[in-house]
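J.: Sequence and computational prediction follow.
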Number of protein chains: 2
Amino acid sequence: MKTLRELGEDGLIERLVRLVPTEVGAAGPGDDCAVVEMGGGALQLLKTDALVERVHFLPETPARAVGWKSVARVISDFAAMGGRPERFLVTLAFAPETAVEWVEELYRGIGDCLARFGGVVAGGETSSLPSGSAAVISIAATGVVARDCLVLRSGGKPGDRVLVTGTLGGSIRGKHLDFQPRLLEAEWLVARHRPTAMMDVSDGVAKDLPRLAAASGCGCRVDVGALPLTEGCSVEEGLGDGEDFELLMTVGEERVRDLLDEWKVAFPGLRLTEIGRLTELGDGMEMKGGWEHFSNSLGNQES
Amino acid sequence: MKTLRELGEDGLIERLVRLVPTEVGAAGPGDDCAVVEMGGGALQLLKTDALVERVHFLPETPARAVGWKSVARVISDFAAMGGRPERFLVTLAFAPETAVEWVEELYRGIGDCLARFGGVVAGGETSSLPSGSAAVISIAATGVVARDCLVLRSGGKPGDRVLVTGTLGGSIRGKHLDFQPRLLEAEWLVARHRPTAMMDVSDGVAKDLPRLAAASGCGCRVDVGALPLTEGCSVEEGLGDGEDFELLMTVGEERVRDLLDEWKVAFPGLRLTEIGRLTELGDGMEMKGGWEHFSNSLGNQES
């Protein structure tokens, strides 16, 4: 009997969606968020994301940072589709011996991030866990995107250039807890330079770029020498570490020069780097080293 | 330092909501679902709810029943506000040694319930847990309710009669896994007899009715002899067992006779029972024995 570790996350989801009613013709399955037609000019975005103790944070991680991270991850997904956050539901599963102060600090961190990037807490739930179980913080949220601002993973075309914001790798040294979702940057990109496809880098470029390419029906090539590596990181770490929460996008070749020039003026403190291009399907290299929930990270947990 | 067990769920939530941005003037906080103004005649409902292994189900519980229960609970909340379900996000946190077949059965159960009551899976996420941690299934969903069909917990008035569907108590013997959300019944009630307040019974009438009364600014009295107890259940079990997932509602005194008569014709297989009334604030009895996540149930888990 196969286990989740053997099958992996992408394989599992593919099997599960066949077992339940889904929306026919909906945009979004397999994208950063689900996209919901509401009638009118705006689309609703739906997203759920969970943090697990000892996987995404440690027992000694400051609770306020865990709170920030829990909602910043979701805001990053809304940004990657050209949208913005609206309402959050917070589900907490904790052992009953957890200190109230820890949970309050977690909520303060959630509040910090929402005060900065927008969105409100509309509801939530607390559940008790058997003692000794890893705490789980599950965030569900609605966002909104103007119909003509929606950017999917599937819009890339062979020849489009691949760009990424910020630097890659080494997030575990701290950035995974206090990263800034690229909300303003995404809004600017969509309004000014219209990426053909976009997503946020959560599992590492080695895993996420092939996903974007596959959604677009393309292959991809990466210029490894061009990767904007975080100081002290190897190429492997830059491609595979995950939790960068940078924007990964494709842009028509003819727009790249102008985009890079204007970016420097608009966001002088943040890099934007061309790292490769989309190719015809079947003409792409395969990258190794991505972060896979079930098969890699938990292997580490148990060893 | 206080722990979650000492503070309890209601006390905790009260403290937490002060720490984050919330929507000014929104209906719904403290109700079964959050209520979102969308413009136009329909309101959106938002709900999140989690099942925890060894708390809400056992390792040997058939996965298909767990899946049914996970979404039926949420549908029950939508029903209790006069609404119906639309889109579901499914977050699964499991240890990596979990069999894929178990998760597939879980999804089949989710599919069974959605096929019966409506709603689609719009997205989801799987996260790995450290080995030995209790599995968590977190369901977030959107629902919809026509503006003039919305029933809150807060609309009850002194003198209103309290009624409940079905029977109370003993859910642990099986009903907590295969209950039928009272979606059709709620729709009928709202269209025909307009309850002044309504909620679903998840923690037991002893805990839930005082919540409804408090939201309505009332006290409450229960005629213990009138309680529709599940066969073999004591009054204490009927009031305190929880997970009945029946509809608890208040109705103007003048409507009760007609309501009960018409109910028998409309739903001959399901009881509807008058169990008490709302009173002036401060004039209500207090009931003991409700089901409290942190202080009672986990005490049992650990003993």
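T.: Done, it's in. Numbering: from 1, shown residues only, chains lettered A, B, ... in the order given.
J.: Quick check: phi and psi at A:Met256.
T.: Let me fix one detail, which is that residue A:256 is Val and not Met. phi -60, psi -40 (degrees, to the nearest 10).
J.: Average pLDDT for stretch A:63-72, rounded please.
T.: Stretch A:63-72 shows an average pLDDT of 98 in the prediction.
J.: Name the surrounding residues that touch it.
T.: A:49, A:51, A:56-57, A:85, A:88, A:90, A:102-114, A:117, A:119, A:137, A:139, A:141, A:176-181, A:245 (CB atoms under 8 Å, 6 or more residues apart in numbering or on different chains). C-betas here are computed from N, CA, C, even on glycine.
J.: Now that stretch: buried residues?
T.: A:Ala63, A:Arg64, A:Ala65, A:Val66, A:Gly67, A:Trp68, A:Lys69, A:Ser70, A:Val71, A:Ala72 (16 or more other CB atoms under 10 Å in any protein chain shown).
J.: cool, and stretch A:179-191?
T.: Those would be A:Phe179, A:Gln180, A:Pro181, A:Arg182, A:Leu183, A:Glu185, A:Ala186, A:Leu189, A:Val190, for stretch A:179-191 by 16+ other CB under 10 Å.
J.: does it come close to chain B?
T.: No. Using CB under 8 Å from any CB of the partner chain, stretch A:179-191 stays clear of chain B, with a minimum separation of 15.4 Å.
J.: So which residues of chain A form strands?
T.: A:34-37, A:42-52, A:84-94, A:120-128, A:136-146, A:161-165, A:197-200, A:219-222, A:247-251, A:272-279 (DSSP state E).
J.: chain center to the third one: distance?
T.: To tie it back to what came earlier, the one meant is strand A:84-94. The chain centre lies 16 Å from the centre of strand A:84-94; the measure is CA atoms, centre = their mean, to the nearest Å.
J.: do the last one as well
T.: Relative to its parent chain, strand A:272-279 has a centroid offset of 18 Å by CA atoms, centre = their mean.
J.: Let's have the strands of chain A in CSV, adding distance to chain B, mean pLDDT and mean neighbour count.
T.: As requested, those are arranged in CSV below (distance: least, CB to the nearest CB, whole Å; pLDDT from 0 to 100; neighbours: other CB atoms under 10 Å in any protein chain shown):
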stretch, distance to chain B, mean pLDDT, mean neighbour count
strand A:34-37, 4, 92, 21
strand A:42-52, 4, 95, 24
strand A:84-94, 4, 96, 24
strand A:120-128, 4, 91, 23
strand A:136-146, 3, 97, 25
strand A:161-165, 23, 98, 25
strand A:197-200, 14, 98, 26
strand A:219-222, 24, 92, 21
strand A:247-251, 19, 98, 26
strand A:272-279, 25, 96, 21
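J.: List just the one of the ones you listed that sits closest to B:Leu212.
T.: B:Leu212 sits nearest to strand A:120-128 of all the strands of chain A, at 17.4 Å, using CB to CB.
J.: For that closest one, which strands pair with it and how are they oriented?
T.: strand A:84-94 (parallel) (DSSP bridges).
J.: circling back: okay if I get the buried residues of stretch A:63-72 as a markdown table plus distance to B:Ser128?
T.: Below are the buried residues of stretch A:63-72 laid out as a markdown table (distance: CB to CB, whole Å):
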| residue | distance to B:Ser128 |
| --- | --- |
| A:Ala63 | 21 |
| A:Arg64 | 24 |
| A:Ala65 | 21 |
| A:Val66 | 17 |
| A:Gly67 | 21 |
| A:Trp68 | 22 |
| A:Lys69 | 17 |
| A:Ser70 | 17 |
| A:Val71 | 21 |
| A:Ala72 | 20 |
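J.: Any figure for the gap between the residue lying closest to A:Phe267 once chain neighbours are set aside and chain B?
T.: Spatial nearest neighbour of A:Phe267, chain neighbours left out: A:Glu185 (6.1 Å); criterion: CB to CB, 6 or more residues apart in numbering or on different chains. A:Glu185 sits 22 Å away from chain B, taking CB to the nearest CB, to the nearest Å as the criterion.
J.: And A:Ser76, by the same measure?
T.: Taken as CB to the nearest CB, the span from A:Ser76 to chain B is 14 Å.
J.: From A:Pro62, how far off is that residue?
T.: Counting by CB to CB, to the nearest Å, the gap from A:Ser76 to A:Pro62 is 20 Å.
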